[in-house]
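Q: can you look at this prediction? I've put the sequence above it.
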Amino acid sequence: MHRQSKWIGAALVTGGLLMFTRMAPIFVVLPEDMTFPPETTQEMLRLATVAGPRWQLSHLMGLAAVLLFGIAYGWHVNVLIQSGWRRVGYGLAVISILAFGLFGIALLIDGFVVPATMENHLAATGVQQASLEQVAESHQLALRFFTPGIFLLFATMGLLSAPMLHRKIHSRWLGVAGQAIAVLAVTAYLTGITGPHWDEMQIAGTLMLAAFAWHLLVGIRLMLTKSTGAQLQPG
């Protein structure tokens, strides 16, 4: 179990780093006169065209991170259930599956369906406006999955940090930090200050970076600690 927990820690660290850096391939080629995220469909099409295969690479990095996070949460679910925290464990299982499932679908659509639709638009003759509308529709479809996926990601953080807060796993300060980030994010979204699709980068972007940093720190904690999650006590 001790060795397994170190691997899970490595998965969280790697996932956190991937989430931190996944936009780097696109930011490297972001035009100086363009804001991020792009404000219009035309701007998004322009950015994706400039980025080329970097667009898909960025989303593949996100998908890899989602997979690693999912594995790590699955391990925590198993530890919680075996240690008597069944309600928390089962709740975490359901919410994390929904969160990472929705987030993963959004990344697949935005990373591969949207570019394919863009290529059709660029190759179209005589029906440019209709094709542009299809690009916008495919991007909106991705956002329909992305928005609740991110919301539920913060919910999973809040649930996972609860046993930490009660000193049952990892450390209490990680529990406090996780609860604080989760509550701030959920409150910010419900009050509308993150934008309808978490697109207010100064607020939503900061909260997401904080969430990824938290997962990274939990991973480091797992890699460095000599104890394991198996030492949780029934709650």
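A: Looks like it arrived, so ask away.

Q: contacts, neighbours, all on C-alpha from now
A: Noted.

Q: need the next SSE after the lowest-mean-pLDDT helix or strand in the chain, C-terminal direction.
A: Least confident helix or strand of the chain, by mean pLDDT, DSSP states H and E, is helix 114-123 with a mean of 72. Downstream of helix 114-123, the next assigned helix or strand under DSSP states H and E is helix 128-165.

Q: which other helices and strands contact that next one?
A: Where contact means 3 or more CA pairs under 8 Å, 6 or more residues apart in numbering; DSSP states H and E, helix 128-165 is packed against helix 41-51, helix 86-108, helix 114-123, helix 172-190.

Q: can I get those in CSV including distance to Phe154 and mean neighbour count?
A: Listed next are those as CSV, based on distance: least, CA to CA, whole Å; neighbours: other CA atoms under 10 Å:
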stretch, distance to Phe154, mean neighbour count
helix 41-51, 27, 18
helix 86-108, 9, 20
helix 114-123, 26, 18
helix 172-190, 5, 19
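
Q: among those helices, show the one with the smallest mean pLDDT.
A: Across the helices and strands packed on helix 128-165, helix 114-123 has the smallest mean pLDDT, namely a mean of 72.

Q: now Ile220: which helix or strand?
A: helix 206-224.

Q: please compute how far that helix lies from its chain's middle.
A: Remark: helix 206-224 is offset 12 Å from the chain centroid, using CA atoms, centre = their mean, to the nearest Å.

Q: go on, stretch 15-32?
A: With CA atoms, centre = their mean, you get 14 Å for stretch 15-32.

Q: what does stretch 47-55 give?
A: Relative to the centre of its chain, stretch 47-55 is centred 21 Å away, using CA atoms, centre = their mean.

Q: and the end-to-end length of that stretch?
A: 9 Å (CA to CA, to the nearest Å).

Q: need the contact partners of that stretch.
A: Residues outside stretch 47-55 that contact it (CA atoms under 8 Å, 6 or more residues apart in numbering): Pro25, Ile26, Val29, Leu30, Pro31, Pro38, Gly111, Pro115.

Q: can you tell me which of those are buried?
A: Among the contacts of stretch 47-55, those scoring as buried are Pro25, Ile26, Leu30, Gly111, Pro115 (criterion: 16 or more other CA atoms under 10 Å).

Q: among these, which are in helices?
A: Applying DSSP state H to the buried ones among the contacts of stretch 47-55, the entries found in helices are Pro25, Ile26, Pro115.

Q: tabulate the buried ones among the contacts of stretch 47-55 (TSV), appending distance to Leu165.
A: Below are those laid out as TSV (distance: CA to CA, whole Å):
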residue	distance to Leu165
Pro25	37
Ile26	37
Leu30	41
Gly111	37
Pro115	43
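
Q: show me which of the residues you listed is closest to Arg221.
A: Arg221 has its nearest neighbour among those in Pro25, at 28.8 Å by CA to CA.

Q: isn't the closest one right up against Leu60?
A: No: in this structure, Pro25 is not within contact of Leu60 by CA atoms under 8 Å, at 11.3 Å.
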